[in-house]
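S.K.: okay, predicted coordinates and the sequence, questions at the end:
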Amino acid sequence: MCGVIGLRCEKDREDLGEVASRLLRMLEYRGYDSTGALIQDAAGRISLKKDVGAPTVITKKLGIDKLFGKLFCGQVRWATFGMVTKENAQPHDVHCHTHLYGAHNGNITNCDQLKEWLLSAGHDVKSDNDGEMLVHTIEHYFAIELKKLKNSKDRKLRYGALKNAILAASKKTTGSFAAVVVDPVTELMACIKAGSSLYMGGGAQDGAGAFTVVSSDLASVLSLTKMLYPIKEDEFALYTHDKADFFDLRTGRPVAKEKVRSHLRVEETELKKPFKYFMEQEIFGEVEAASKVINYFADRSPVVDLARKVSAKEPAFVKELKNKINALSAVTEVDKFKKEAAAFLASKTAQKALTFAGGFKPSLNTLPLESYLADLLEEVRGAGSSAAGGQAVKFADALFLLEEIEDIRTRVEGFVWRMGECRKRGRTAYFVACGTSYNAAKCASVFFNKIAGVNVTAYLPGDFRAQCLEAVRDGDILIGISQSGETKDLIDVFNQVKAAGKKVAYLNIVNNVNSTIALEKSDIFIPLHCGPEIAVPATKSFINQLLVLYVLAVRLAEHFTRTRINPAPKADLEKYRENLYRIPELIGASIKSTRDGVEQAGVDLFPEPSIHILATGMQGIAREGALKVREVVLNHTEGFEAPEFKHGPNTILGVNTIFGMEGVGALVDKFADTIKFAVARGGKELKGESLYKIFRAVSDYAFFDLKPKELSREEGELFTAIFRDHNFFESMYTNYPLVFVTGPNSRDVNLTISQINTHKIRGANIYVIAEEDTLLRDAAKKSVPSMYAKTYKYGYITLPKTGDDLLVFFTSSVVLQLLALEMSVRKMKFLDRLEIRDHGVHPDSPKNVSKSITVD
């Protein structure tokens, strides 16, 4: 639960502090309790800067961006072991038995035991942080290994000593972590991947020379290089600026690896105008992200059709063209790349590509690059100056996009075939996921049931272990869903099933195709293609999860129909296919048309201390909407299947003891009225001391049922009059807010109307998110004659008309995301105006959560 970085450069860089600061800021989503950087220059001088606070603040405050040097070890912390203090901030620079420095990401669960052992062994432990215990433990064994050497300054011998120290320390520590440690004498760096995310790459930059970088965050590595070392779980590496040696963490055996070019596009991660928050930008980006997914999975691109025709007609030429581009992808030196890219654009191969591209309308030069090599091809296009060269590059891009589409098709075909075999053999398929991904899985259960007629139940990892682990049979399927592909709880379940000897298929859905789940825990993985998310709350990735799961349900229904396993009615299947292409437009319409309704509901709801979101047949959507509000507004919110609310939770309606800012304000107003009453009744004889005694007695009696004992007769009479004429608790009561979400199905609408009327008379304010329905609107709008009628509020957010029970999953999701954003911004500004410190409300980085929690 943090983020760690290690960068080894060929020589001193004047801008290393700037690079370090940028990398730390890219990791801010992983932790912002404290930030630290240790930079060492070629002369061996070390600058350690760390303090409590987020990297956006600390890098400037401590002047990290002004440092120069050759080696950088950095960390952003999400506190687990040890309080949020400067002493517990990382990296740790230790000098007890020898000199070593480093930092980690994750949890060392025997931290306290290690600290006792280290202290008994003479180490000067300065914090309670598990990262320091790890660095000290490696230092301890490193010192032991160095004492065995005849020449402890020898670089090769120290290399072996550090390797052995890491192996020994790994046996001494328990937990899941990734780490970077550095021998300052030889400038040898080491990285360890032991259950937490870690990525590694190498490259070269103009004027700065070669470098090797490791990080907990893939995007930060890709910001420097596209060439990655595929380091796996339970491996470690010893590396310099231009070389890396890999070893098995359990045995110490060497592991051969070569750099490979990442297939993940690096998309812009800066906040763009007119957006003020990343959460807002990412919600508005859902239209483009959804369109991209449909293009990949549905294959409706004319440019790809051209690439397919040429591939069939000229396979040798296509192979030659792709080989030339792939050769360029391996070039990491900038000047060499520009030279070779220009040579390619002038080659006969590029000219032949132009003959195929030239007749395409509109000009290929006007179309964006879309394939996994788009970043590389953009650089290739930049090496030339002619429009013709640009067309040749776009044609090459179409060939690689075709390759990607065919790869996805193969993956989807593998997915549906295995699901078909599972159904034929009477086996079971399970969704397993956490957080937002679990809510997507709950929605997917509906998709798979209604579209393909198959039951796939969604489980949290803990529930799966408790309810299913012993029941899993050979031939079953586990479908894991994870945006990061590093979700620790999910990986633990996979490992446990494997350890039990169960022969199951792992069919996973991930966004990060370079992740542990994608590369090490999958028989087949399906990519989400939603790009990076900077804001902590998942928005864009949730929509893409729904979309990919919808596509898979449709493809499975098609497979069942072809193979006659469970044929779907032709008209229904065609409807589901066509509805797929409506989704991006509906997302856009939801964003545009619901603005006023979302704003008004946000005004009403942001001060509420507790809310229930009640959905009919859409529990996954209710849960996800509630999660978004809890994450970024910090209001207690629950998501329920609507009819379930009457089975106990409805006791919260009417008189209760849940008071928010509105209730507190009403109480203060009531006290002000009472003071005015007391002064008017007591007259000039009522002194300040008497007024204090009376209201101390009022407070004690109203809230603690303590009868006054020290009031005079006149004060006692006034006290009695106050309670006769004023009800303090009644002033605090407010109607409880219920947000109903329903599809257009008449049965669901009628159920919702029934629920609204049932709860409204018991003290609920009603807000509806649904397509336009007169009866539903009237049910929400009409106040009922009851004790709660005077303060009754309602709202109706009208979704775009779909007439479909599944498309409403997408439109309502977007609206709930927008509502959470609206509430978050309003509450944040409100609390800021009140000068309430550390309130933690923020749409991008709310307190106590970070994306790394779901990872590590």
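M.R.: Sure, I can see it. Numbers count the residues shown, from 1 in each chain.
S.K.: what stretches of the stretch 701-850 of the chain score poorly on pLDDT?
M.R.: 731, 850 (pLDDT under 70).
S.K.: residues near the nearest residue to A433 once chain neighbours are set aside, how many?
M.R.: Sequence neighbours aside, I481 is the residue nearest to A433 in space, at 4.0 Å (criterion: C-beta to C-beta, 6 or more residues apart in numbering). From N, CA and C alone the C-beta is placed, and that goes for glycine too. I481: 29 surrounding residues under other C-beta atoms under 10 Å.
S.K.: I481 belongs to a strand, doesn't it?
M.R.: Yes. Counting by DSSP: H, G, I helix; E, B strand; the rest coil, I481 falls inside a strand.
S.K.: residues in a beta bridge with it, which ones?
M.R.: A433, I509 (DSSP bridges).
S.K.: surely it is in contact with I509?
M.R.: Yes. Using C-beta atoms under 8 Å, I481 is in contact with I509, at 4.8 Å.
S.K.: quickly list what's touching both of the two.
M.R.: By C-beta atoms under 8 Å, 6 or more residues apart in numbering, I481 and I509 have these common neighbours: 545, 549.
S.K.: and the longest strand seen in the chain, which strands flank it?
M.R.: In the chain, with assignment by DSSP state E, the single longest strand is strand 2-13. Paired with strand 2-13 in the same sheet, following DSSP bridges, are strand 69-77 (antiparallel), strand 209-215 (antiparallel).
S.K.: okay, the residue nearest to A433: pLDDT?
M.R.: pLDDT, I481: 98.
S.K.: give me every residue that touches it.
M.R.: Contacts of I481 by C-beta under 8 Å, 6+ apart are 431-433, 437-438, 440-441, 444, 508-510, 545, 549.
S.K.: before we move on, what about A256?
M.R.: Contacts of A256 (C-beta under 8 Å, 6+ apart): F246.
S.K.: one more: L547?
M.R.: 290, 293-294, 583, 810.
S.K.: check the gap between it and F525 for me.
M.R.: Going from L547 to F525 by C-beta to C-beta, to the nearest Å gives 16 Å.
S.K.: cool, A312 as well?
M.R.: Taking C-beta to C-beta, one finds A312 at 28 Å from F525.
S.K.: which one's more surrounded, the two?
M.R.: In this view A312 and F525 are compared by other C-beta under 10 Å, and F525 has more residues nearby, 23 against 9.
S.K.: for that one, what are its contacts?
M.R.: Shown in contact with F525 (C-beta under 8 Å, 6+ apart): 411, 485, 507-510, 513, 517-518.
S.K.: V310 too?
M.R.: Each residue near V310 by C-beta under 8 Å, 6+ apart is listed here: 317-318, 356, 399.
S.K.: so E717 lies in a strand, does it not?
M.R.: No. Secondary structure of E717 (three-state DSSP): helix, not part of a strand.
S.K.: what about it, how many neighbours?
M.R.: Neighbours of E717 using other C-beta under 10 Å come to 13.
S.K.: do the same with I491
M.R.: Neighbour tally, I491, other C-beta under 10 Å: 23.
S.K.: I am finished for the moment; much appreciated.
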